[in-house]
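Q: sequence and predicted structure are below.
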Amino acid sequence: MSVKSIFRFLVTALIFLAAIFLAWSLWQHYMVSPWTRDGRVRAEVVNIAPDVAGQVVDLPVRDNQLVHKGDLLMQIDPSRYQLALQQAEAAVTARKAELDVRRAEVEARRADLNMRRAQARRRADVDALVVSRENREDAGSQVAGAEAQYQVAIAQRDSAKLNLDRTKVYAPVDGYITNLSVRRGDYASAGAAKIAIIDSHSFWVYGYFEETKLPYVAVGDKAKIQLINGATLRGHVDSISRGIYDRDNPQSRELLADVNPTFNWVRLAQRIPVRIQIDEVPKDVLLAAGLTCTVTLEPGSRKEAK
């Protein structure tokens, strides 16, 4: 065999071995390394609902606007609530006047009782003393009733004042108005959500890892997050989900397991949600709930970070 033939054989063997090594490395990376292309950027969505019902008379925000905690989002027509507050304040005044009258009566009857006691000591008139004491006790009961009605009126006034204050709806968090559909003139029902805010401080990533890769996933491991637009974020594993819905074993009407009698020969690995806390976001990266991304973990990085 000539030297040229031997050289060709060695080159071919090296290329073949390199191809095998490359294929093996790719296979190991795909099957064993903890990474997934099935990642989603998520965020907390705060649904804003008015506490009172009425017509929307002011809406100082627009769709996709950044708002801060405490900013006014919308104003419910306060007219009827102002009238209710005025009525409640008038009721408080009336009850207070009635209570003052009852207290004055008690003082007058107490003075009468003291006078009758003095007379009873001089004339031994026990009947007059008993009658005076009964009158004072009756007046005391009337004072207690007036006091209770006065406290009820105060509570109703405070409730009316609270309803008036609740006609103004404020942002509970910093975030972005999204999918705004309410308009001035719309009727808002109490407890019905009218505005949604994406909490700007709550973004995280859900990486859906195959169950075969869970042994290589640990809480605290560093994570590289590659958005589909090319931006790179950094984070760490915050938690691992402990359950997903079993479609093959739903619950029957009798609360018994409804086992699927069929079996597919090809069983795909289930994907378990792994929550990734975002630690670093480049300044020029725009985060939005629903963005897709690739998540790659660094096994053992949690121990190195200690």
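A: Arrived safely. Computed from a predicted model, the values in this text were never measured in an experiment.

Q: can you get me a residue count around I20?
A: Around I20 there are 10 other residues, counting by other Cβ atoms under 10 Å. Just so you know, the C-beta spots here come from the backbone N, C-alpha and C atoms, and that holds for glycine as well.

Q: and this structure, what are its domain boundaries?
A: Following automatic domain parsing, one finds the domains of the chain at 33-44+200-305, 78-166.

Q: model confidence over the shortest one, on average?
A: pLDDT averaged over domain 78-166 equals 73, rounded to a whole number.

Q: so how far is the first residue of that domain from its last?
A: Domain 78-166 has an end-to-end distance of 9 Å (criterion: Cα to Cα, to the nearest Å).

Q: just to revisit the earlier point, and P50, which of the domains of the chain is closest to it?
A: Ranking these by proximity to P50 (Cβ to Cβ) places domain 78-166 first, at 7.0 Å.

Q: how close does P273 get to P299?
A: 19 Å (Cβ to Cβ, to the nearest Å).

Q: no wait, L180
A: L180 is 44 Å from P299, by Cβ to Cβ.

Q: mind listing what the residue nearest to V259 when sequence neighbours are not counted touches?
A: Nearest residue to V259, sequence neighbours excluded (Cβ to Cβ, 6 or more residues apart in numbering): N249, at 6.0 Å. Taking Cβ atoms under 8 Å, 6 or more residues apart in numbering, we find N249 in contact with 257-260.

Q: check R62 and give its pLDDT.
A: pLDDT, R62: 95.

Q: doesn't it lie inside a strand?
A: No. Under DSSP: H, G, I helix; E, B strand; the rest coil, R62 sits outside any strand and is assigned coil.

Q: so what's it up against?
A: R62 makes contacts with 177, 180, as judged by Cβ under 8 Å, 6+ apart.

Q: pull up the gap between it and L72, please.
A: 13 Å.

Q: to V57, which of the domains of the chain lies closest?
A: With Cβ to Cβ as the criterion, V57 lies closest to domain 78-166 of these, at 8.1 Å.

Q: so which strand or helix has the residue nearest to V295 when sequence neighbours are not counted?
A: Leaving aside its chain neighbours, V295 sits nearest to G207 (3.7 Å; criterion: Cβ to Cβ, 6+ apart). Using DSSP states H and E, G207 maps to strand 204-210.

Q: same question, I15
A: helix 3-31.

Q: any idea which helix or strand comes after that helix?
A: For helix 3-31, the following helix or strand on the C-terminal side (DSSP H and E) is strand 35-42.

Q: ok, then the element right after that following strand?
A: strand 45-48.

Q: neighbouring contacts of that next one?
A: 73, 169, 171-173, 175, 178, 193-199, 289.

Q: ok, and the most crowded of these?
A: I197 (25 neighbours).

Q: let me know the pLDDT of it.
A: I197 carries a pLDDT value of 97.

Q: what do you get for D58?
A: Note on D58: pLDDT of 96.
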